[in-house]
Every structure is written in structure tokens, then in C-alpha cells.
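> Following is a predicted model, sequence given first.
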Amino acid sequence: METQNIRVSFHSVVQPIRIHKTHLFSMLPTPSCSSNRVSLNIRSFSSHTLITRRSLKCRNSVEKVEYEKDKSNIRRKNLAIFVSGGGSNFRSIYEATLNGLVHGDIVVLVTNKHDCGAAEYARYKGITVIVFPKRKEAQEVFSAEDLVTSLRSHKIDFILLAGYLKLIPSELIQAYPKSILNIHPSLLPAFGGKGYYGMKVHKAVIASGARYSGPTIHYVDEEYDTGRILAQREHKLYVEVAAALCEERISWREDGVPLIQSKENPNEFTW
Ligand SMILES: Nc1nc2c(c(=O)[nH]1)N[C@@H](CN(C=O)c1ccc(C(=O)N[C@@H](CCC(=O)O)C(=O)O)cc1)CN2
Ligand SMILES: NCC(=O)N[C@@H]1O[C@H](COP(=O)([O-])[O-])[C@@H](O)[C@H]1O
């Protein structure tokens, strides 16, 4: 049987398309590199905060400009993560909340498998674990409304699905508009929908002869994998998107396309 070489690449397959929007920010003055060091504070016109740029050394007239968003006056966000298995993305995001990459805290883990690896890890870290939906034979009923009430009591700002294998009910979607994301292990819309989860997705990609694959992060709507796509790139993507969420660097284009404001250059947006 002919073996097929497939490159399952988590590198940038879909080049981020960058657009330059100036109405959000003052035109960024081009830093002069006459001196050895440049430092510049840039005040934006938008609701965003002061963007300070660390002074940088210019070498060989090549500028390396980094912007450090001033997060001191951005409220830390409360996150709920939904998982059904080991929680590899959950653990990455959790670590990122501790090392400062994500300006938020994982307050609740929701799972349909009370004894999954992610739930055990969460309990060990002192994170509240909620089982939803409960097993059919469970004594007490815990409805979608009960789940919304519980998430509200924990003051949850965003919900991140990370290997959660059940359909999110519309009650939750209505209660958290534009605030629920999911990571899917293919370049949607290909290989998505009911029945496409876990290894089933990768097997379908390989069987199709596709040359590339990679994850998609999208907003969650009532159907499996049909919500607005936010990002498609290498597998550490969820931490970067969670960071953008918590730093309020996501905006919505007039036609409903969500955009991520670049951390490096606030005048650039990708989708
Ligand atoms: N309302 C939504 N809920 C969920 C979405 C979504 O986009 N909208 N994404 C899924 C995650 N997912 C793909 O990214 C996904 C998960 C599970 C399934 C699936 O077919 N599940 C089986 C049951 C599997 C099991 O119980 O072990 C099924 O429904 O028959 C498809 C896609 C999370 N929720
Ligand atoms: N449709 C989404 C989906 O299928 N997600 C899948 O859930 C698992 C999560 O593993 P983890 O719990 O070890 O991160 C992974 O297999 C991932 O592809």
C-alpha cells in the first residue's frame, strides 16, 4: 500500500492577514534611531490604555520595536475552562495565568467526566470543579440554568472549551455572548461538526490526503464548530488567544469578523 507523506504542521499555515487600522490609535510616530536608544510613550485615542514602549537599542539601523501593554488598569479576567480529558490546553493556560502571559485566573473547571485527568489536576491546584452534564444515574439534577447561575456566582468573564466533548446548551451561549471560545484540532470548516473529535479528526485529515492541518480557535454558537473563527495557527495558540482576551485586545469588525490586536504592534490586527 502506498504510504502517504503528510505534513501535519502546526506552523503558520494560514498566514495572518494584517490590516493597518489607524482610527483606533494615533499614528505611531516612526521612532528615530539617531540615538542609540529610543523610548516613547504612545497614548492611544481608543478606550485602550496607555501603551508604553520599552526603550530599545537600535542596532545596524534595524529597529526592533516591542510594545508592553500597560495592564495595570485592566481588570484581571475570571476564566472557566471546559474539558473532558487530560486537559493539555487547560494546563498550558493555567501555567500562563501564573507566569503572567495570561492576565486572568482559572476560577472554575467544568467537565462531564468527574474523574478525568483535568479534573484531578484542577482539584490538586485548588480550582473548583463542576460536573456538567451529570451522569444520567446521578441523584441530584443540575440543569443548564443551574450551570449559568454557578458561573455567574464565580463572576466568570470568559469560557474556554479545551477538549470538551459535549454540546454547549443554548442557555449558556445566550448567557455569555461573544465570550465562549473553543479549540478544534483541524483547520475549520474542514473536518468539523458532530462526530469530529479527538483522533477521529486527525484520521479524517490523513485519510483525505490533505497536506496541512492545524488547530482552529473559534467562538461557540449553537452548533458544533460553526462559530466565527478567531485564529488558526500553531498549537500554543490558545495561550496567545487567552492573553488577548484578558488584555481586551479583541475587537469586532463591522461585518462581524473578530480581530486580535497585535501585542507587538497595536496598529496591526490579525484574523
Ligand atoms: N454549542 C457548541 N458546543 C460545543 C462546540 C461548539 O462549537 N458549539 N464545540 C465542541 C468541541 N468539539 C469540536 O471542537 C466537538 C466535541 C464533540 C463532538 C461530538 O461529536 N461529540 C459526540 C459525543 C462524544 C462523547 O460523548 O464522547 C456527540 O455529540 O455525539 C463534536 C465536536 C464542544 N461543544
Ligand atoms: N473537537 C474538539 C476536540 O476533539 N478536542 C480534542 O480533545 C482532546 C483534548 O485532549 P486534552 O484534554 O489532553 O487536551 C484532544 O484530542 C483534542 O483534539
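Nice, thanks for sending it over. Ligands and ions are numbered 1, 2, ... in the order given.

> what's the neighbour count on the residue of the chain found nearest ligand 2?
At 2.5 Å from ligand 2, Gly163 is the closest residue in the chain, using CB to the nearest ligand atom. C-beta here means a position set from N, CA and C on the backbone, and glycine is covered the same way. If you count neighbours by other CB atoms under 10 Å, Gly163 ends up with 23.

> How about Pro258?
Count around Pro258 with other CB under 10 Å applied: 21.

> Hmm, it is touching Ile250, no?
Yes - the criterion here is CB atoms under 8 Å, and Pro258 meets it with Ile250 at 5.9 Å.

> any common contacting residues for those two?
In terms of CB atoms under 8 Å, 6 or more residues apart in numbering, Pro258 and Ile250 are both contacted by the residues Leu230.

> How about the contacts made by the residue nearest the centre of the chain?
In the chain, the C-alpha nearest the mean C-alpha coordinate belongs to Val241, at 3.2 Å (CA atoms, centre = their mean). By CB under 8 Å, 6+ apart, the residues touching Val241 are 181, 217, 230-231, 260.

> Spell out for me the PyMOL command that would select the buried members of those residues.
Buried members of the contacts of Val241, defined by 16 or more other CB atoms under 10 Å, are picked up in PyMOL with:
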select buried, resi 181+217+230+231+260
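
> ok, which stretches of the stretch 101-250 of the chain are strands?
Using DSSP state E, counting those that start in this stretch, the strands of the stretch 101-250 of the chain run over residues 104-111, 128-131, 158-161, 180-184, 216-219, 229-232, 250-252.

> Name every strand pairing with the last one and say which way it goes.
Going back to what we said before, that points to strand 250-252. Its sheet considered, strand 250-252 pairs with strand 258-261 (antiparallel) by DSSP bridges.

> which residues sit against the partner strand?
Applying CB under 8 Å, 6+ apart, the contact partners of strand 258-261 are 19, 24, 178, 219, 228, 230-231, 241, 244, 249-253, 268-271.

> rerun that using 6 Å as the cut-off
Strand 258-261 has contacts (CB atoms under 6 Å, 6 or more residues apart in numbering) with 228, 230, 244, 249-253, 269-271.

> Now list the buried members of those.
230, 244, 249-250, 269-271.

> now Ile229: how far from Ala122?
Separation of Ile229 from Ala122 (CB to CB, to the nearest Å): 28 Å.

> how close does Glu240 get to ligand 1?
18 Å (CB to the nearest ligand atom, to the nearest Å).

> Run a quick neighbour tally on that residue.
18.

> Show me which residues of this structure sit near ligand 2.
83, 85-89, 118, 162-163, 184-185, 197-198, 201 (CB under 6 Å from any ligand atom).

> what about 8 Å?
Counting by CB under 8 Å from any ligand atom, the chain comes close to ligand 2 at 83-90, 116-118, 161-165, 182-185, 192, 196-202, 224-225.
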